[in-house]
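A.B. asks: just the structure for this:
(chains A and B)
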Number of protein chains: 2
Amino acid sequence: MQVGAQYLDNKRCRFTVWAPTKERITLHLISSPKRLVEMKKDEEGYFQVIVNNIIPGTNYYYQIEDGPDLPDPASYYQADGVHGPSQVIDHNAYQWKTKDWKGLNFKDLILYELHVGTFTPEGTFKAILPRLDELKEMGINALEIMPISQFPGTRNWGYDGVYPYSVQNSYGTPDDFKQLVDECHLRGIAVFLDLVYNHLGPEGNYFGHYGPYFTKNYCTPWGDAINFDGAYSDGVRDFFSDNALFWAEIYHLDGLRLDAIHTVYDMGAVHFWEYTQEKLQRFRQQTGRKYHLIAESDLNSPRVVQSPALGGYGFDAAWLDDFHHALYVILHERGRKRYEDFGSIKQLAKAIKEGYVHSGEYVEFRKKKYGRSSAGISGDHFVVFTHNHDQIGNHPRGQRWGGLVDLERLKLGAALMLLAPYIPMLFMGEEYGEDNPYYYFVSHTDQELVRAVQKGRREEFANFDWASDPPDPQSEETFEASKINWDKRNQGKYALIREWYKKLIHLRKQARALQNFDKDQTEVTIHDEKCLILQRNSGTNAIVCLFNFSNNALEINYKSSFKSWRKILDSTDFQLSGRKQLEAKDEVTKSYFLTEERIQIKPTSVLVYECN
Amino acid sequence: MQVGAQYLDNKRCRFTVWAPTKERITLHLISSPKRLVEMKKDEEGYFQVIVNNIIPGTNYYYQIEDGPDLPDPASYYQADGVHGPSQVIDHNAYQWKTKDWKGLNFKDLILYELHVGTFTPEGTFKAILPRLDELKEMGINALEIMPISQFPGTRNWGYDGVYPYSVQNSYGTPDDFKQLVDECHLRGIAVFLDLVYNHLGPEGNYFGHYGPYFTKNYCTPWGDAINFDGAYSDGVRDFFSDNALFWAEIYHLDGLRLDAIHTVYDMGAVHFWEYTQEKLQRFRQQTGRKYHLIAESDLNSPRVVQSPALGGYGFDAAWLDDFHHALYVILHERGRKRYEDFGSIKQLAKAIKEGYVHSGEYVEFRKKKYGRSSAGISGDHFVVFTHNHDQIGNHPRGQRWGGLVDLERLKLGAALMLLAPYIPMLFMGEEYGEDNPYYYFVSHTDQELVRAVQKGRREEFANFDWASDPPDPQSEETFEASKINWDKRNQGKYALIREWYKKLIHLRKQARALQNFDKDQTEVTIHDEKCLILQRNSGTNAIVCLFNFSNNALEINYKSSFKSWRKILDSTDFQLSGRKQLEAKDEVTKSYFLTEERIQIKPTSVLVYECN
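C.D. replies: Numbers count the residues shown, from 1 in each chain, chains lettered A, B, ... in the order given. Presented below is the predicted three-dimensional model:
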């Protein structure tokens, strides 16, 4: 049953809301003209009514058993915020320029995580449009947009959203978001959206009034879990699984990133993810469209990306946090302090060769044996990053990668992310080494909640000995300070970093060996405990990448059967001072043979060879 | 790490207890001679010490950080009950007569659920011994003993046990239980034990003092769940998985029945059941012994019996409650009142042909779509019964099957259970139609708890309009009234029922087609909405069973390609009055051909044919 206010045609609208344990629900139309309309309940607990003489933009509430006005949990738009009325939206009005768009293959994606509020000074969907061409030119072909479901106020990461079918009013209208998707598709850029199915935000959450959306059987960091398997869970399962479909059908999205799926609890015989995948699979078959699901998971379990037939959840890919942690600790002097269970270059090699670094051994941070091997699962089932909103924002100083490590290490990290056999994801601004902070920020209107959040942040960081007080999450300055400074991108080191990223992305797209995600054809070796050599094969062809993490030049004997070695990338060519002004073309044709397979590599640098 | 007090040799004993967050634990030996001994903690959180000059029977406590005396969670014996000291047991002392016993194949089992306290007037392990020969003679070859872990007082079903490594003091000593197992094995009877890994009893539960055995992430009907996946869960996982192994190694058991596994929560990458199965698999390989795991599960999910490689839990079998419910509702006039989602003969046919009756459809009792098809899973992965301790005891009048339905229906139920392609389980006394009640009973010493249990039972049955007040679970009379009356078994209708069960079991063991659990070779058809025909095939041979549930005689045309029909069983031959006095031998040789495949069947009766 499609919930929400479906605008049909000829000023008719069908209102549908699920409230299985309620006797009566009244639709309260508060504009054009003001009316109270009784709804009719079906045997599955859905209340429904079709009303005439409705125009798009009409605001409405529901009244449960003569109770107060409440917004629609499946509201398509909350023009006046989380506590205001819901709005009738005509989802057929927008004229798509890219009706025939079918999407991109997952393995070809270069993802770009973007927070709408801080990506531009305006913080709107429309303000993103002028930047698309440049992103495209960088080689980025997929936006992964942080949650846009209506949240309280105007400043929020999005994980406090409470209307999973709506777009945030301060970001723009439903049509504005459709236009963004349309313009992306025009440029061959796919659009992914971050959705939160493990909880609803603490303010403006009226779900409990309607029905048993929550269960006390499981606890999450945000309180009672969403009821995916208890009594009356059918309506909850459909609310969320239909939501996953809604963003494909109505907004033409290319895929989803699902937040913290380890707190989506379901012990039932058909797991919620399997149930959802079945609906999406029908959609894919009917439309020929791609629609990919990416999981954020804290389980280190291959089950996340395995098929339901093997007991898995069937996600196309999972975020590979272990890759981030292993990299962070190698490149950042204080990294070990933050990620106590990481630190050796062997772990980084394991992250590249197998995926999960923790695959069953005892992990101090978790006080238990943790994870399971993902060896053998092809690399296109994992998404890697040098940083993301969480790794930055859940840090007392909110420091981005670009503000944490020096230029050489920045280049090393970028190369490792883009040359590893995984799907890379940049965090907005990373492509030019943005060094502004990215803080945690909210704009709740409930003052008790504000104080609780402020207290929570202070307590969370109390154990970081290197932290001053974290900035106040509720203050507007914290939000403003978190915006990226796009103007930097053509200046000095920022421009240099952009060129490096662009070159790496270009190489990744061009070299056949870099498009091969078969782990059996990926070789990782460690030399002198400080240099990691990644060889990616494709038939008789290979790309050999050398990453020297030490502060010393190294000389390496690399055993291989290749006859021809052609250097195609050298990070030391990308220097602010004394930098060689080479044309891209000159550089890639500068080749030679290494008769003795003896390679000299400068401190903290990357060398890439094409070998035959 | 093997927890508990391991008696070694030469009066030496190794004490091991897990308390990962504690600094100090002192062993307090309260007899022979009285001593305080400091224990040493290892890096996994185990405290250990080897003490000399200890004799078996020595009592001890632990003191945590100078706290009070506490019993050992891994106590092997609590001679003075749940609050008393733990006792050193020499598990090598018992001289086994059946050292080379390897066990039975699961598909050959005729299970017999037995509650030690109410099976005999004495309610002890030893009192069971004189009855084994008769059970054996009946054809029963596997006891499934309700929980014997030490519980508070002397009267309890066993699900309030708090010492998973111990045996109930009022039932006997560890050696008494070993003797029972030994005597069973001597007779070719396997022994299964019911273990509870989803909670610990409410009284005498000192686990929380030692470590994080519980988690607030999940709730069970008994409170916080056992911590199988959170911080410090390694010790908990080992405590219980080693326990599963303990009963195999120390007590030579043949398998386990695991209570309500749907409340054993584990979201980790390696599920607790998979972790446990790996240990048991090593044991099986090393010893050549059979060791079967049976699950009680409320999930209606084939995952329970699927292999971990397919995302399953890997149990050998699961209790098939749906078979019971479908049968109950057909045979008992008020059954529909109790099991509102059951009632049609088609459901009974589905239970026989597929397993789960509810395989994804909406179920009123659960207020949600429930279950998943188990079609195709061979029948030896399910255990069926006409009743069990739960179905009787969790009923206001505690009525056994024998007290609920008439003789003809009793015979119908027995035949269906024993001729269906599943593993049958009788509840003690069922084999002679025991009609004494079986109530819920406890003997807590904590008065507040007693009142809570009494209140809980009254509330549980408040909605049964056919119930008077349930008997007081705490009273000794309730317990005494629940004992079976073994003396009945050779009298009147009881003797007749015994003969019927014996005949059915004999037929089941003898006929090849009845040993074929392949569902593709099982055919179930319904005639006249009141007669169920079960055909079990084996090559060119078949057993055809007709069950007439109606009060009318029926004439049935059964289409088949068999040329020879031989009647081998007719329930109407087993009558109290006017009963034909046939020798078993005479009866099975009384055969004839049905030229027209037209069969006449009397009201509420069973006919069984052997066909070629």
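
A.B. asks: who does the residue lying closest to residue A:562 once chain neighbours are set aside form a beta bridge with?
C.D. replies: Nearest non-adjacent residue to residue A:562, counting by Cβ to Cβ, 6 or more residues apart in numbering or on different chains: residue A:611, 3.8 Å away. Placement of C-beta: from N, CA and C, glycine included. Per DSSP bridges, the residues bridged to residue A:611 are residue A:542, residue A:565.

A.B. asks: beyond the least confident helix or strand in chain A by mean pLDDT, next helix or strand please.
C.D. replies: The weakest-scoring helix or strand in chain A, judged by mean pLDDT, DSSP states H and E, is helix A:584-589 (a mean of 36). Using DSSP states H and E, the helix or strand that follows helix A:584-589 in sequence is strand A:598-601.

A.B. asks: show me what that following strand is packed against.
C.D. replies: Packing partners of strand A:598-601 (3 or more Cβ pairs under 8 Å, 6 or more residues apart in numbering or on different chains; DSSP states H and E): strand A:541-548, strand A:554-557, strand A:605-611.

A.B. asks: lowest average pLDDT across the ones you listed?
C.D. replies: Averaged per stretch, pLDDT over the helices and strands packed on strand A:598-601 is lowest on strand A:554-557, reaching a mean of 88.

A.B. asks: near chain B, which residues of the stretch 251-400 of chain A are found?
C.D. replies: A:262, A:265, A:267-270, A:299-303, A:306, A:309-312, A:360, A:362, A:366-372 (Cβ under 8 Å from any Cβ of the partner chain).

A.B. asks: hmm, try it at 7 Å
C.D. replies: Applying Cβ under 7 Å from any Cβ of the partner chain, we find that the stretch 251-400 of chain A lies next to chain B at A:262, A:267, A:269-270, A:299-301, A:303, A:310-312, A:366-369, A:371-372.

A.B. asks: ok, the residue in chain A that chain B sits nearest to - how many residues close by?
C.D. replies: Distance from chain B to each residue of chain A (Cβ to the nearest Cβ) is smallest for residue A:311, at 1.0 Å. Residue A:311: 20 surrounding residues under other Cβ atoms under 10 Å in any protein chain shown.

A.B. asks: how close does it get to residue B:271?
C.D. replies: 10 Å (Cβ to Cβ, to the nearest Å).

A.B. asks: any weak-confidence spans in the stretch 351-500 of chain A?
C.D. replies: Along the stretch 351-500 of chain A, segments meeting pLDDT under 70 span A:463-468.

A.B. asks: would you map the helices across it?
C.D. replies: Assigned by DSSP state H, counting those that start in this stretch, the helices in the stretch 351-500 of chain A fall at A:389-393, A:401-404, A:407-419, A:447-460, A:476-481, A:492-510.

A.B. asks: how about the helices in the stretch 101-250 of chain A?
C.D. replies: A:116-119, A:125-128, A:132-138, A:174-186, A:207-210, A:233-249.

A.B. asks: and these: which comes nearest residue A:4?
C.D. replies: helix A:233-249 (8.4 Å; Cβ to Cβ).

A.B. asks: chain A against chain B: which residues are in contact?
C.D. replies: A:216-219, A:231-234, A:262, A:267, A:269-270, A:299-301, A:303, A:310-312, A:366-369, A:371-372.

A.B. asks: check which helix or strand covers residue A:27.
C.D. replies: Using DSSP H and E, residue A:27 falls in strand A:25-29.

A.B. asks: which other helices and strands does that strand contact?
C.D. replies: strand A:35-38, strand A:59-64 (3 or more Cβ pairs under 7 Å, 6 or more residues apart in numbering or on different chains; DSSP states H and E).

A.B. asks: and the helices of the stretch 351-500 of chain A: which comes nearest residue B:405?
C.D. replies: So among these, helix A:447-460 is nearest, using Cβ to Cβ, at 59.7 Å.

A.B. asks: mind listing what's buried in the closest one?
C.D. replies: Neighbour counts over helix A:447-460 (16 or more other Cβ atoms under 10 Å in any protein chain shown) mark A:449, A:450, A:453, A:454, A:457 as buried.

A.B. asks: before we move on, what about stretch A:604-612?
C.D. replies: With the criterion 16+ other Cβ under 10 Å, stretch A:604-612 contains buried residues A:604, A:605, A:606, A:607, A:608, A:609, A:610, A:611.

A.B. asks: contacting residues for the fifth one?
C.D. replies: Read it as residue A:608. For residue A:608, the contact set (Cβ atoms under 7 Å, 6 or more residues apart in numbering or on different chains) comprises A:543, A:545, A:568, A:569.

A.B. asks: hang on, the earlier thing: from the residues of the stretch 251-400 of chain A next to chain B, which would you call buried?
C.D. replies: Here, 16+ other Cβ under 10 Å leaves A:262, A:267, A:269-270, A:299-301, A:303, A:311-312, A:366-369, A:371-372 buried among these.

A.B. asks: walk me through the domains of chain A.
C.D. replies: Domain assignment for chain A by automatic domain parsing gives A:4-87, A:106-501, A:513-611.

A.B. asks: how about these, which one is nearest residue B:524?
C.D. replies: domain A:106-501 (22.5 Å).

A.B. asks: just send the helices of the stretch 101-250 of chain A back as a markdown table, with mean pLDDT and mean neighbour count too.
C.D. replies: Shown next, in a markdown table, are the helices of the stretch 101-250 of chain A (pLDDT from 0 to 100; neighbours: other Cβ atoms under 10 Å in any protein chain shown):
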| stretch | mean pLDDT | mean neighbour count |
| --- | --- | --- |
| helix A:116-119 | 98 | 24 |
| helix A:125-128 | 98 | 21 |
| helix A:132-138 | 98 | 16 |
| helix A:174-186 | 98 | 21 |
| helix A:207-210 | 97 | 18 |
| helix A:233-249 | 98 | 20 |
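
A.B. asks: now the ones you listed in a markdown table, please, with extra columns for distance to residue A:598.
C.D. replies: Shown next, in a markdown table, are the helices of the stretch 101-250 of chain A (distance: least, Cβ to Cβ, whole Å):
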| stretch | distance to residue A:598 |
| --- | --- |
| helix A:116-119 | 46 |
| helix A:125-128 | 49 |
| helix A:132-138 | 35 |
| helix A:174-186 | 47 |
| helix A:207-210 | 65 |
| helix A:233-249 | 53 |
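
A.B. asks: one step back: residue B:535: which of the buried residues of helix A:447-460 is nearest?
C.D. replies: Nearest to residue B:535 among the buried residues of helix A:447-460, counting by Cβ to Cβ, is residue A:449 at 66.2 Å.

A.B. asks: test my guess that the closest one contacts residue A:203.
C.D. replies: Yes. Counting by Cβ atoms under 7 Å, residue A:449 touches residue A:203, with 5.9 Å between them.
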